[in-house]
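Trainee: Structure here, sequence nowhere to be found:
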């Protein structure tokens, strides 16, 4: 019922994460109907995207391409960062979330994926060699594994702990527990179990 | 923290209906990271959108622009349609939903908006003159008002009924009641009230 160019647009929009065909159709119809030129502006921004933004060659973070065609992100360029401390995350969004917290003074490494045997992602599918090279080049002494508290995230953290400690790197894992401001009454039992397991001595001095 | 071209893209994506900044950022990061060329294809599709797809000049439905630069939709071009029967809807999505039902043998008129005094949309902001012209040109004898069962939809339907009956057109409203397959136990009281109010005699002949 929709004309071909619109069907094509719907199909492309449906490739966005979490967007099904109905939502994609809603987006497409909105873009046709609105008159402020969003469709055209979005078209131009997307056409230039590949040339202007790339994954950082060092860590996988988002980086703007410089005049020499190189893409190194702001975190990797920041000379005040502690190069001996590396935080391993699953995806760029996690890196951004940690940066917002302001709690990380080292640099990052984005895995891009987690172990997931059901999806055919084993250790060989993780960019471990690139990580090892990075550790050597930067003289990394401590790695903080900030993968999510999911099955794949935990399995990946264990794999990294095994691989990295044999290379003389100290490996830690971010704490799991009750979120700040969270009500214990509504916390699930696994979270509560982890919060108790990971308890720390209160220093009253 | 994100490079400027990406921030610009996030801002544009956040203009899509129902998309906030977080979702827009998720879309943008996905488009940067994926390698199948979706960003470029989407960019091209959007750049051409304005020239290839427009609102139908007659009814407001989505229409492909023909070689002469005219946009008349498939429903308006379909000569088997009953031109004396016109269905008035709020938006293109509603037209598409009714078309999928296959129950409409006439043509359509998309209002584009509903009465909403709080948003400053009064009768003068509705395309009534265009609707009256359409009625005269096509010799419309019956109008089915298929605006939603919301406050604005009902108010618009009443306005149309008043304006159109004085012009000698028979005006009806789509039925409101329990959806097909819907369990009465879970229907809200307004829906149930309307279903009883709108009851029809069962012809047992």
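Mentor: Perfect, I can see it now. What you see is a predicted model; the values in this text were computed from it and never measured.

Trainee: What's opposite the nearest residue to residue A:105 once chain neighbours are set aside in the beta bridge?
Mentor: Leaving aside its sequence neighbours, residue A:105 sits nearest to residue A:82 (CB to CB, 6 or more residues apart in numbering or on different chains; 5.2 Å). For glycine as for every other residue, the C-beta is placed from the backbone atoms N, C-alpha and C. Per DSSP bridges, the residues bridged to residue A:82 are residue A:106.

Trainee: I figured residue A:82 hits residue A:106, correct?
Mentor: Yes - assessed by CB atoms under 8 Å, residue A:82 is found in contact with residue A:106 at 4.7 Å.

Trainee: which residues touch the residue nearest the centre of chain A?
Mentor: Centroid-nearest residue in chain A: residue A:91, 1.7 Å away (criterion: CA atoms, centre = their mean). Residues counted as contacts of residue A:91 (CB atoms under 8 Å, 6 or more residues apart in numbering or on different chains) are A:110-112, B:29.

Trainee: Could you rerun that using 7 Å?
Mentor: Residue A:91 sits next to A:110, A:112 when contact means CB atoms under 7 Å, 6 or more residues apart in numbering or on different chains.

Trainee: ok, back up a step: and the residue nearest to residue A:105, how many neighbours does it have?
Mentor: 14 (other CB atoms under 10 Å in any protein chain shown).

Trainee: Could you do residue A:199 as well?
Mentor: Neighbours of residue A:199 using other CB under 10 Å come to 9.

Trainee: mind checking the SS state of it?
Mentor: coil (DSSP: H, G, I helix; E, B strand; the rest coil).

Trainee: Show the pLDDT at it.
Mentor: pLDDT recorded at residue A:199 is 80.

Trainee: Then residue A:136?
Mentor: 94.

Trainee: Count the neighbours of it for me.
Mentor: Neighbour tally, residue A:136, other CB under 10 Å: 10.

Trainee: For it, list the residues it contacts.
Mentor: For residue A:136, counting by CB under 7 Å, 6+ apart, there are no contacting residues.

Trainee: ok, now residue A:127?
Mentor: So residue A:127 contacts A:111-112 (CB under 7 Å, 6+ apart).

Trainee: Just give me how far stretch A:58-74 sits from the chain centre.
Mentor: Distance of stretch A:58-74 from its chain centroid, counting by CA atoms, centre = their mean, to the nearest Å, is 16 Å.

Trainee: and residue A:55, how many residues sit next to it?
Mentor: With other CB under 10 Å as criterion, residue A:55 counts 17.

Trainee: Could you measure from it over to residue A:65?
Mentor: Here residue A:55 is placed at a distance of 11 Å from residue A:65 (CB to CB, to the nearest Å).

Trainee: Please apply the same query to residue A:6.
Mentor: Counting by CB to CB, the gap from residue A:6 to residue A:65 is 32 Å.

Trainee: Secondary structure element holding residue A:163?
Mentor: helix A:151-165 (DSSP states H and E).

Trainee: Apologies, that question was intended for residue A:10.
Mentor: Using DSSP H and E, residue A:10 falls in helix A:4-13.

Trainee: Give me the below-cutoff pLDDT ranges for chain A.
Mentor: For chain A, the stretches with pLDDT under 70 are A:203-205.

Trainee: what about the strands in it?
Mentor: With DSSP state E, the ranges of strands along chain A come out as A:53-55, A:62-64, A:82-89, A:106-110, A:142-145, A:170-173.

Trainee: Please produce JSON lines containing these, extended by distance to residue B:132.
Mentor: Shown next, in JSON lines, are those (distance: least, CB to CB, whole Å):
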{"stretch": "strand A:53-55", "distance to residue B:132": "51"}
{"stretch": "strand A:62-64", "distance to residue B:132": "54"}
{"stretch": "strand A:82-89", "distance to residue B:132": "61"}
{"stretch": "strand A:106-110", "distance to residue B:132": "60"}
{"stretch": "strand A:142-145", "distance to residue B:132": "69"}
{"stretch": "strand A:170-173", "distance to residue B:132": "70"}
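
Trainee: what's the distance between the helix holding residue A:10 and the middle of its chain?
Mentor: Using CA atoms, centre = their mean, the offset of helix A:4-13 from its chain centre is 29 Å.

Trainee: in it, what counts as buried?
Mentor: Of the residues in helix A:4-13, A:5-6, A:8-10, A:12-13 count as buried by neighbour count, 16 or more other CB atoms under 10 Å in any protein chain shown.

Trainee: Of those, which ones also sit close to chain B?
Mentor: Filtering the buried residues of helix A:4-13 for proximity to chain B by CB under 7 Å from any CB of the partner chain leaves A:5-6, A:8-9, A:12.

Trainee: Could you verify my assumption that residue A:170 touches residue A:142?
Mentor: Yes - using CB atoms under 7 Å, residue A:170 is in contact with residue A:142, at 4.7 Å.
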